[in-house]
Structure formats: C-alpha cells, structure tokens
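Asker: How does the following fold in three dimensions:
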Amino acid sequence: MQITIFGASGKVGQQVAAKLLAENHTLVVLVHRSNPYANTSGVTTVSGSVTDGTAVAKAIEGSAAVISTLGSWGSPNKDVVSSGTELIITAMKARGVTRLITITGASAFYGQDKPTMPDKITRRLLKLVAPKILRDGEQHLALLEASDLNWTCLRSPVMTAAKQDAYRFQTKLPPLWAWVPRQAVAQAIVDQITATDNLGKAPVICHV
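Answerer: Numbers count the residues shown, from 1 in each chain. Predicted structure coming up:
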C-alpha cells in the first residue's frame, strides 16, 4: 500500500515510517528542510511545505491513506497542524482518498468529550503556557469533525523515549502527569491504517 506521511522528518514520523517500511508499504513523504529519506528504498520524497497546497496535493497523489504527525511547537505562528490539515483534507477529497490518521495533544478537546473539572483545569493550565498550540490542536480536530473523511486522531500525553510498542486507548482525558512511549504512539498510528473501531474518533493513547 502507498501511504503519505506529513511530518515524517520528526521523531514520531520517522518511527512511523520505519514501521511501515518494515511491513513492506511504500511511502511518500513531504520534506521541507532536512531530508532523512534521501537514500531510503521504498520512500518517494516531495519537496515543499505543508502550507503549500500544490506540494500537499502532489504528496497525496496515488496514496491509499494519509498520516499526519505534524506539530507546531517549533513553528513561528504555531498553526502548522490546523493550516496543514485544512490543505490535506482538501487534497484528499479531490483525489478520493478517505483514510486520514493524525495526532495531537491530550489536552485538546473535541465534540465527543465530556470533560470533568480536573480536565478543564488541565486545559486551562496548558492554555496559559501554550495557548496557540492548544488552539491549533483543537482547530485541527474541528476540521476533522467537519470533514466526511474516515479520520482518526490519536491524542497523546507527554511522550517518552521508552522502548515499548504496547499501548491502550481510553476516552477519559488523562491527568497532567500522564505519559506514553513515543514508540507506542508510532505503533498505534500504524495499527490504525487497517483498524475501523476508531473511525471519526479521537481516543487518548496511554501507556500499558
């Protein structure tokens, strides 16, 4: 299967790519600055920015599924996830691609949440520290909900470097001190390509 990855140069994206290649998938990745896939068999690179609709569309052409591990922490406007998601959705619809898997932070709320008071407090704390990041994540979730794609967003607490593939999903929002191995997040993303139980949902991923 040909799969497109946005954010493939990041820590999560590189692990996702490695796992997919190990399963004999072929990949198309959009690279902006650094290109860790220059000599990687099975990977086609498209140069450009996720804010460039033409480059995004070119990267999606011919793929059966799309993965976004984009993050906004290092960007000047902190809106890469939402602005990129909007262009990704548009390009997918134009090309008849329906499966989209994304990630965002666990404190981002969406329509199916029933937040408790501790959840609201955690969100307020993040809003004080990183308001643009939170807004970006929630706007991207709103775009997913408004689309008619078969989307899944994995909401992750703080990621660690622990070498562990095991994970679990929950609908309950996690406490501020929750964590999950980055490797497990990558495995969960790969598993969602063929899974159907989280279509149109944004489960929280947790460590086991």
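
Asker: Export only the CA atoms of the lowest-mean-pLDDT helix or strand in the chain, formatted as PDB.
Answerer: In the chain, the helix or strand scored least confidently by mean pLDDT, DSSP states H and E is helix 117-129, which has a mean of 86. Extracted in PDB, the C-alpha atoms of helix 117-129 (Å, rounded to 0.1, in the frame of the first residue of the first chain):
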ATOM      1  CA  MET A 117     -13.400  19.700  36.400                       C
ATOM      2  CA  PRO A 118      -9.800  18.300  36.600                       C
ATOM      3  CA  ASP A 119      -9.800  18.000  32.800                       C
ATOM      4  CA  LYS A 120     -10.900  21.700  32.500                       C
ATOM      5  CA  ILE A 121      -8.200  22.700  34.900                       C
ATOM      6  CA  THR A 122      -5.500  20.800  33.000                       C
ATOM      7  CA  ARG A 123      -6.700  22.500  29.800                       C
ATOM      8  CA  ARG A 124      -6.600  26.000  31.400                       C
ATOM      9  CA  LEU A 125      -3.000  25.400  32.600                       C
ATOM     10  CA  LEU A 126      -2.000  24.400  29.000                       C
ATOM     11  CA  LYS A 127      -3.900  27.500  27.700                       C
ATOM     12  CA  LEU A 128      -1.700  29.700  30.000                       C
ATOM     13  CA  VAL A 129       1.500  28.000  28.900                       C
END
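
Asker: which residues does residue 118 contact?
Answerer: Going by C-beta atoms under 8 Å, 6 or more residues apart in numbering, residue 118 touches residue 175. Just so you know, the C-beta spots here come from the backbone N, C-alpha and C atoms, and that holds for glycine as well.

Asker: roughly how far apart are it and residue 177?
Answerer: Relative to residue 177, residue 118 is positioned 12 Å away (C-beta to C-beta, to the nearest Å).

Asker: and what of residue 183?
Answerer: 20 Å.
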